[in-house]
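K.L.:
Sequence first, predicted coordinates after that:
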Amino acid sequence: MSLTGLIAGLALAAAQQAPSPPDPNLPPPTPDPFAWWSPDTARPSSEVDPLYGRRLGRREEPIPIANGVEPLLYRLWGLQPLQNQLVRRGEMVLEVWARPSRGVRQAVIRVTTRRDGRAFVQARAGLGCCTPQIDRRVDINAELASEQIPALKALIGDAIWSQPRDVTVDYGGGAVSAVCLDGVAWDITLLVAGQARHLRRACDDAEVGSIAEALTLALTATVGRDARFDAVFPRGADLSRQKAAYDQLIASGGRLKPGDNARPQPPAVPLPPEDEEPSPPSER
């Protein structure tokens, strides 16, 4: 047989063995419904979900969270709901929401410290308007350097958490409610074992300055990791102007007063005895 004939024969044999193309007039094959519901689910890294896999212990109770953010909204931002975070002794979650008064750009920063000595930041920025999803969302998931952790843990005992949840500014001649025309309104929540504290501050510099230290720590943990996120905060973690406004308010005899519609902080939840606290799963 000639070489040409051999090639032609091999080509014919390959064509006969090749599967016939699907008939476009026939419906597509039906997938196995049980296989569709049984995908392999990989465990997320600690950077993505620092408190993954925890379950309530025998005497543990969910901590009431009243920061105005519903669990489903957290899902849209790619975060586990704060209501689901199980924090134990020696741990904390600091969460900050930034909502500019002009525009629809928003950001959320969550810093978590674990009792194994590690800490993580999860941050999101995006357009929280006009569509069900968060548009142009920027995600940051990273582990923090060890030298950043002591200052974060020191926030647990800071006096700012004794402030009212909502405030008005009393400059000495009566309280004035802030009108946020051009600035950023902030919600900040501290979650520790057994309790949560939430503060809401309008864009008045003195109001924001009262929580400037906590905001600075959260921003410092995040700014510099993604230029798109940094564009939401042109001044970075610099809140010196707001801090100076608050210091001036106090020095001149002014103060922050509870807002007209201020709600009380939720009560602390009793902790289980130390020897009954469930052991955490292995962290990574």
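P.N.:
Alright, I've got the coordinates.

K.L.:
ranges for the strands of the stretch 101-250 of the chain?
P.N.:
With DSSP state E, counting those that start in this stretch as the criterion, the stretch 101-250 of the chain has strands at 105-113, 119-127, 135-143, 167-170, 175-176, 184-192, 195-201.

K.L.:
Would you format those strands as a markdown table with mean pLDDT, mean neighbour count and distance to residue 56 included?
P.N.:
In this view, the C-beta of every residue, glycine as well, is placed from N, C-alpha and C. Shown next, in a markdown table, are those (pLDDT from 0 to 100; neighbours: other C-beta atoms under 10 Å; distance: least, C-beta to C-beta, whole Å):
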| stretch | mean pLDDT | mean neighbour count | distance to residue 56 |
| --- | --- | --- | --- |
| strand 105-113 | 96 | 23 | 18 |
| strand 119-127 | 97 | 23 | 22 |
| strand 135-143 | 96 | 15 | 25 |
| strand 167-170 | 88 | 20 | 34 |
| strand 175-176 | 62 | 15 | 41 |
| strand 184-192 | 94 | 21 | 15 |
| strand 195-201 | 94 | 22 | 16 |
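
K.L.:
Show me the shaky parts of the stretch 1-150 of the chain.
P.N.:
1-20 (pLDDT under 70).

K.L.:
picking up where we left off before, redo the strands of the stretch 101-250 of the chain as a markdown table? Include distance to residue 233.
P.N.:
Listed next are those as a markdown table, based on distance: least, C-beta to C-beta, whole Å:
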| stretch | distance to residue 233 |
| --- | --- |
| strand 105-113 | 7 |
| strand 119-127 | 9 |
| strand 135-143 | 12 |
| strand 167-170 | 23 |
| strand 175-176 | 27 |
| strand 184-192 | 9 |
| strand 195-201 | 16 |
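
K.L.:
for residue 199, which residues make a bridge with it?
P.N.:
Beta-bridge partners recorded for residue 199 (DSSP bridges): residue 188.

K.L.:
From residue 162, how far out is it?
P.N.:
Computed as C-beta to C-beta, to the nearest Å, the residue 199 to residue 162 distance reads 10 Å.

K.L.:
now swap in residue 80 and tell me
P.N.:
28 Å.

K.L.:
Have a look at these two and say which one is more surrounded.
P.N.:
residue 80 (18 against 8; other C-beta atoms under 10 Å).

K.L.:
did I read that right, the more buried one in a strand?
P.N.:
No - Residue 80: not assigned to a strand; according to DSSP: H, G, I helix; E, B strand; the rest coil it is coil.

K.L.:
Quick one: residues contacting the closest residue to residue 261 other than its chain neighbours.
P.N.:
Nearest residue to residue 261, sequence neighbours excluded (C-beta to C-beta, 6 or more residues apart in numbering): residue 166, at 6.7 Å. Going by C-beta atoms under 8 Å, 6 or more residues apart in numbering, residue 166 touches 200, 258, 259, 261, 262, 263.

K.L.:
Quick check: residue 200 touching residue 186?
P.N.:
Yes - Residue 200 is within contact range of residue 186, at 7.3 Å (criterion: C-beta atoms under 8 Å).

K.L.:
before we move on, back to that, residue 89 is nearest to which of the strands of the stretch 101-250 of the chain?
P.N.:
strand 184-192 (8.6 Å; C-beta to C-beta).

K.L.:
just checking, what packs against that closest one?
P.N.:
strand 92-100, strand 195-201, helix 212-220 (3 or more C-beta pairs under 8 Å, 6 or more residues apart in numbering; DSSP states H and E).

K.L.:
if we can go back for a sec, hmm, which of the contacts of residue 166 are the buried ones?
P.N.:
200, 259 (16 or more other C-beta atoms under 10 Å).

K.L.:
The contacts of residue 166 in strands, which ones?
P.N.:
200, 258 (DSSP state E).

K.L.:
Please name whichever of the contacts of residue 166 scores lowest on pLDDT.
P.N.:
Of all those, residue 262 has the smallest pLDDT value, namely 70.

K.L.:
Perfect, that will be all.
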